[in-house]
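**Q** sequence? don't have it. structure:
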Ligand code: OGA
Ligand code: NI
């Protein structure tokens, strides 16, 4: 068992790093620029279990939120759906896709990309007939990395969208509020 988990964790990390490199390049930056800003990233894994709920319209498995970290790699149950994302003001179901991960942009990628990438509002609903499982892997910036956008992404003469702050500061703020309140990044805007 440990061997499977260990292999999974390392493969997911590798995938996450490659995605972060591609995102960096897509912004016109050096491949390793964003990874360098995030520092020595931590990695958390959550195995979510959503039990059957007799009255699913009364609650959520997880209320609407954005992920406070940089990048989330989610493995969904292929047989039971439950994840929804907010798109143009509407909650849209993300159908599970066999052999595919869901990649969520977290708050820190929005910050270091100077708002070019947006962290996505999402939630999990529950079902009345089937339990659901998901495995979320979170790549998290080093606690004392300063999450400021590279100068190249900030237009001449204007301020960066967000203030400089450390991940520790952000994380504290994030968990001091209700999950489904206003976007936590709003507190860090310039
Ligand atoms: C999370 C999350 C969604 C899901 O763990 O942050 O958004 O489908 N999970 O379980
Ligand atoms: Ni989430």
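**A** In hand now; what should we look at? A quick note: this is a predicted structure, and the numbers were derived from the prediction, not measured. Residues are numbered from 1 along each chain as shown. Ligands and ions are numbered 1, 2, ... in the order given.

**Q** surely residue 115 meets residue 161?
**A** Yes - using C-beta atoms under 8 Å, residue 115 is in contact with residue 161, at 4.3 Å. For the C-beta atoms, the positions are set from N, CA and C on the backbone; glycine is no exception.

**Q** Need the phi and psi values for the closest residue to residue 45 other than its chain neighbours.
**A** Nearest non-adjacent residue to residue 45, counting by C-beta to C-beta, 6 or more residues apart in numbering: residue 137, 5.1 Å away. Reported as degrees, to the nearest 10, the phi and psi values for residue 137 are phi -110, psi 130.

**Q** mind listing what residue 137 touches?
**A** By C-beta atoms under 8 Å, 6 or more residues apart in numbering, the contact list for residue 137 reads 9, 12-13, 16, 43-45, 72-75.

**Q** how about a cut-off of 6 Å?
**A** Counting by C-beta atoms under 6 Å, 6 or more residues apart in numbering, residue 137 touches 12, 45, 73.

**Q** The helix or strand containing the second one near ligand 1 at all?
**A** Yep, that's residue 45 we're talking about. Residue 45 belongs to strand 42-50 when assigned by DSSP states H and E. Yes - counting by C-beta under 6 Å from any ligand atom, ligand 1 has neighbours in strand 42-50: 46, 48.

**Q** Identify each buried residue in that strand, please.
**A** When burial is assessed from 16 or more other C-beta atoms under 10 Å, strand 42-50 yields the following buried residues: residue 50.

**Q** That strand pairs with which strands?
**A** strand 132-140 (antiparallel) (DSSP bridges).

**Q** Show residues contacting the helix or strand just after the partner strand.
**A** Downstream of strand 132-140, the first helix or strand assigned by DSSP H and E is helix 167-175. Here helix 167-175 makes contact (C-beta under 6 Å, 6+ apart) with 68, 141, 143, 145, 184, 187.

**Q** Number of residues surrounding residue 29?
**A** Per other C-beta atoms under 10 Å, the neighbour tally for residue 29 reads 19.

**Q** Check residue 79 too.
**A** Around residue 79 there are 10 residues (other C-beta under 10 Å).

**Q** In a helix, it, correct?
**A** No - Residue 79: not assigned to a helix; according to DSSP: H, G, I helix; E, B strand; the rest coil it is coil.

**Q** For residue 25, pull up the helix or strand it's in.
**A** helix 2-26.

**Q** Run through who's touching that helix.
**A** Outside helix 2-26, the residues touching it (C-beta under 6 Å, 6+ apart) are 31, 33-35, 43, 71, 73, 137, 139.

**Q** so which two of those residues are the farthest from each other?
**A** Pairwise distances across the contacts of helix 2-26 peak at 22.3 Å for 33 and 137 (criterion: C-beta to C-beta).

**Q** quick one, phi/psi of the closest residue in space to residue 118 that isn't next to it in sequence?
**A** Once flanking residues are discounted, residue 118 sits nearest to residue 110: 5.7 Å by C-beta to C-beta, 6+ apart. For residue 110, the backbone dihedrals are phi -60, psi -40 (criterion: degrees, to the nearest 10).
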